[in-house]
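1. requesting a structural model of the entry that follows:
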Amino acid sequence: MQRSELAHVLRASSAISNETSFVLIGSQAVLLLLDQPPPDLLRSTEIDLYPALEKADLIDGAIGAMSTFHDTFGYHADGVAPETASLPADWMSRAVLTYVGDVTAICPDLHDLTVSKCAAAREKDADYVRVLLRDQLVDLDVLIERIALLDPRKHDLTLITQWTQRRAQEATE
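-> Model prediction:
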């Protein structure tokens with residue numbers, strides 16, 4: 001996905017939901033967090049987002065996967081819910097606001113976004129995290145500190161920390 005495609009998805013999401021503020025929690029939020037993200041981070045054709053006032057189903061149905069929008073442009077939005085991402089409780093205090101025309105995009109900072117990827121621990125997340133660590137776009141110590149801020153009733157913090165440390169080791173090999 002490219003920045004212009006992300007802007008297109010935001011404008012379309014705004015038109016569909018009649019909202020002007022969205023939280024971006026997917027990997028492609030990196031397009032708004034880094035001036036020049038490594039190409040390895042831009043492989044996904046989807047952006048996970050939710051409107052501030054919960055109209056994700058409208059977005060998912062109109063411009064989500066397998067929609068006419070997706071077929072036409074080759075990328076899409078995934079209307080998700082706030083609980084989709086595993087973020088530290090105080091992530092909003094570090095959030096990055098970006099304005100795309102009249103639309104406000106709210107993105108977790110890159111370390112918080114990476115914590116969510118570490119908690120999900122899928123293979124595609126491992127690849128994403130390795131690139132961020134390899135290119136020194138995130139700091140392992142900060143990731144570990146942020147993982148410790150996750151809710152331990154919902155997450156095995158030791159397991160997530162170990163998974164993250166393995167990705168850091170792999171990033172240097």
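2. ok, Ser93 - how many residues close by?
-> Neighbour count of Ser93, defined by other CB atoms under 10 Å: 9. To be clear about C-beta, it is placed using only N, CA and C from the backbone, and glycine gets the same treatment.
3. can you check Asp151 too?
-> Neighbours of Asp151 under the rule other CB under 10 Å: 11.
4. again with Tyr50
-> 27.
5. for it, give me the backbone phi and psi.
-> Phi and psi for Tyr50, reported as degrees, to the nearest 10, are phi -140, psi 140.
6. pLDDT below threshold where in the protein?
-> Within the chain, the stretches with pLDDT under 70 are 52-64, 66, 76-82, 84.
7. how's it carved up into domains?
-> When the chain is parsed with automatic domain parsing, its domains come out as 3-109, 111-171.
8. what residues are up against Asp125?
-> Lys117, Cys118 (CB atoms under 8 Å, 6 or more residues apart in numbering).
9. wait, is Asp48 part of a strand?
-> Yes: Asp48: assigned to a strand according to DSSP: H, G, I helix; E, B strand; the rest coil.
10. count the neighbours of the closest residue to it other than its chain neighbours for me.
-> Take Asp48 and drop its neighbours on the chain: the residue closest to it by CB to CB, 6 or more residues apart in numbering is Gly26, 3.0 Å away. Other residues lying near Gly26 total 21 when counted by other CB under 10 Å.
11. quick check, Gly26 in contact with Leu49.
-> Yes: shown here, Gly26 and Leu49 form a contact pair, counting by CB atoms under 8 Å, at 7.1 Å.
12. quick one: the strands in this protein?
-> 21-24, 46-51, 76-79, 96-100, 103-107 (DSSP state E).
13. need phi/psi at the residue nearest to Asp48.
-> The phi/psi pair for Gly26 (degrees, to the nearest 10) is phi -90, psi 170.
14. ok, now how distant is it from Tyr99?
-> Gly26 sits 19 Å away from Tyr99, going by CB to CB, to the nearest Å.
15. what residues are up against the residue nearest to Asp135 when sequence neighbours are not counted?
-> Nearest residue to Asp135 in three dimensions, chain neighbours excluded: Pro38, at 5.5 Å (CB to CB, 6+ apart). Counting by CB under 8 Å, 6+ apart, Pro38 touches Val131, Asp135, Leu137.
16. please flag which of those residues sit within helices.
-> Val131 (DSSP state H).
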